[in-house]
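Enquirer: need a 3D model of the sequence below.
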Amino acid sequence: MDFTYSEIKTSLVKFLTKVEKYKAINSKVTDGLVFLIHKNHEYGMIVISEHDFDLKANSEAMTISKKAKINDRHKIKMLKIIINNETPEVVKFADEVKVVTNQKNVKEILLEFFPNIGLVEFTKSKNGTVVEPIVEDEKANQETLSKFVAALKTNRVTTSWAILFLFVVTPIVLSLIAIFTASSSEAVELNQYSKTVTLIFGGTTYSLTILGGQWWRIFTYGLAPHSSNIILIMLFIFFIGSTIFLTTKITETRMGSYRMIAAFVPAYILTGFLASTTLPATITGGMLPILSIICGMLLMNTSGDRTITAKFSKLKSVWPLVLIIIFSFVMGDAQDFLVNGVAIVLGSAFSGLVKPKDKYNWTHGVMVAIIVGIFVTSLVFLLVDSYIPAMDMRVAITLKYYANHNIFGGIDGNNAISQRIGWRSILYYDAKNIIQIGRKPF
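Expert: Alright, predicted model coming up:
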């Protein structure tokens, strides 16, 4: 079967971009001319043309060849593929190889340069129309990226501002409230027992949320501060808070406000439900689970997308992942890392489910299975016979703080919560009328 130049070119470009990972750029000067560049390949630039020409005398070719250089001193080799009816030949120079071939010999003659060339399949165009391969248009890409970045700088991304206020500003305000309202003895306890301030202001843990009946913590854990230490607060504002805002704006710009909300809310609730039911010694709350959910949403949204904005977004998702790993271990433990990992997975799964229906495929079944699996696991832990964990001083200090500030019914109300958990610990007034933590006698 005879193939035209356009049909052969289309198949070769598809092979070189999909298999050999070259980046294709259409010539803006000559019709049918394609440049392909790869910084890490032996041949940094490939040119596919129907007619021979001097590459070094072609200003467009020389400009594009610079994109294949790793640095200014890098010298690239160029492979020029000429497809016509002339006698096939291979001419090698110091930094350039010229291959002249026809449709019958193209695979055979290119085998020397590409061992996988046998994967190329030439196909006839339908109705005389050649489907051109997707190639990079540098100018169009730059314009698209500029518009995307400009959209990030606007204040129209309302959901991002709402998340900033709820999950960044609110924890900061609550941290300051803890610092300025705590008594000297309370301040010592808050600093001595890490994450107690998280629990006081809405964080979740098995003892209080499940056994103590404070189910509302599943919805408020993201509002809780991570620390009452001013240095840690500043670190979280600088690193985590700013990263949440940027990542959220990128995610919202790509997904849209409604889809983003539809994915974020159930991922947030299910993360809190899992952490509350399955990890009895862990206090979950603060900005890290929020960043994890949003990062997961962005990763799923950009998955399989090769557009310039998707590449930009993927690059921006690396830093949040690094922060999640570092802060999970430095300021938490392995269980915190587990919670944040689940948050990434749930963010990804729910983000995949809210994609347009025309993009649905078998992977959505996998996402549903993941969500159902996590929910069922949490439900099993919830429905099995309740076990009473050892008394957690962080929980006891939380109840003491509530009693001191007459929250949840003062000392009697918080003693009732402790009894509901199943602990023998009680709050009582000492001789100086100061609330202390003690134990009921047998």
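Enquirer: would you quantify the distance from Gly203 to Ala262?
Expert: 25 Å (CB to CB, to the nearest Å). Yep, even glycine has a C-beta here, placed from its N, CA and C like the rest.
Enquirer: the strands in the stretch 1-150 of the chain, which residues?
Expert: Using DSSP state E, counting those that start in this stretch, the strands of the stretch 1-150 of the chain run over 23-26, 34-37, 43-49, 77-83, 89-92, 96-101.
Enquirer: so which elements touch the fourth one?
Expert: Going back to what we said before, that points to strand 77-83. Where contact means 3 or more CB pairs under 8 Å, 6 or more residues apart in numbering; DSSP states H and E, strand 77-83 is packed against helix 5-18, strand 43-49, strand 96-101.
Enquirer: also the fifth one?
Expert: In terms of contact count using 3+ CB pairs under 8 Å, 6+ apart, strand 89-92 is assigned the packing partners strand 96-101.
Enquirer: any residues touching the strand it packs on, and which ones?
Expert: Under the contact criterion CB atoms under 8 Å, 6 or more residues apart in numbering, strand 96-101 has outside partners 43, 52, 55, 77-84, 86-92, 109-110, 113.
Enquirer: of those residues, select the buried ones using a PyMOL command.
Expert: In PyMOL, a selection of the buried entries from those looks like this (16 or more other CB atoms under 10 Å):
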select buried, resi 43+55+77+78+79+80+81+82+83+109+110+113
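Enquirer: show me how this protein divides into domains.
Expert: Domain assignment for the chain by automatic domain parsing gives 5-136, 147-383, 393-439.
Enquirer: which of the ones you listed is buried the deepest?
Expert: Comparing the domains of the chain by mean neighbour count (mean count of other CB atoms under 10 Å), domain 147-383 comes out on top with a mean of 19.
Enquirer: span of that domain from start to end?
Expert: 51 Å (CA to CA, to the nearest Å).
Enquirer: likewise stretch 349-365?
Expert: First-to-last distance for stretch 349-365 - CA to CA - comes to 10 Å.
Enquirer: one more: stretch 401-412?
Expert: 13 Å.
Enquirer: check stretch 196-213 too.
Expert: End-to-end distance (CA to CA), stretch 196-213: 18 Å.
Enquirer: offset the numbering so it begins at 13, please.
Expert: Sure, I'll start numbering at 13, so the last one becomes stretch 208-225.
Enquirer: state the mean pLDDT of it.
Expert: Averaged over stretch 208-225, pLDDT sits at 94.
Enquirer: hmm, back to that, lowest-confidence stretch among the domains of the chain?
Expert: Looking at those, the bottom one is domain 17-148 with a mean of 84.
Enquirer: and that one, how far out from the chain's middle?
Expert: How far domain 17-148 lies from its chain's middle: 35 Å, per CA atoms, centre = their mean, to the nearest Å.
Enquirer: same thing with stretch 357-376?
Expert: Per CA atoms, centre = their mean, the centroid offset for stretch 357-376 relative to its chain is 14 Å.
Enquirer: residues in contact with that stretch?
Expert: 267, 271, 274-276, 278-279, 282-283, 304-313, 315, 379-380, 382-383, 386.
Enquirer: what about 7 Å?
Expert: 271, 274-275, 278-279, 282-283, 304-309, 311-313, 379, 382-383, 386 (CB atoms under 7 Å, 6 or more residues apart in numbering).
Enquirer: please apply the same query to stretch 412-426.
Expert: Glu198, Ile212, Leu411, Ile429, Leu439, Ile447, Ile449.
Enquirer: for the third one, pull up the helix or strand it's in.
Expert: The one in question is Leu411. Under DSSP states H and E, the secondary-structure element containing Leu411 is helix 405-416.
Enquirer: what of the fourth one?
Expert: Remark: Ile429 resides in helix 422-433, with elements defined by DSSP H and E.
Enquirer: before we move on, what about the first one?
Expert: Element membership of Glu198, judged by DSSP H and E, is helix 196-204.
Enquirer: can you name the element that comes right after that helix?
Expert: helix 208-212.
Enquirer: what about that next one, distance to the chain center?
Expert: Distance of helix 208-212 from the chain centroid (CA atoms, centre = their mean) equals 27 Å.
Enquirer: so what does it touch, helix or strand wise?
Expert: Contact partners of helix 208-212 among helices and strands, from 3 or more CB pairs under 7 Å, 6 or more residues apart in numbering; DSSP states H and E: helix 182-193, helix 196-204, helix 405-416.
Enquirer: turn the ones you listed into TSV, including distance to Ser390.
Expert: Shown next, in TSV, are the helices and strands packed on helix 208-212 (distance: least, CB to CB, whole Å):
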stretch	distance to Ser390
helix 182-193	24
helix 196-204	29
helix 405-416	20
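Enquirer: just want the most central residue of this structure.
Expert: Centroid-nearest residue in the chain: Cys307, 3.0 Å away (criterion: CA atoms, centre = their mean).
Enquirer: what residues are up against that one?
Expert: By CB under 7 Å, 6+ apart, the neighbours of Cys307 are Thr259, Ser329, Pro332, Leu333, Ile336, Ile356, Gly359.
Enquirer: same thing but at 10 Å, please
Expert: Contact analysis of Cys307 by CB atoms under 10 Å, 6 or more residues apart in numbering lists 255-256, 259-260, 263, 328-333, 335-336, 352, 355-356, 359-360.
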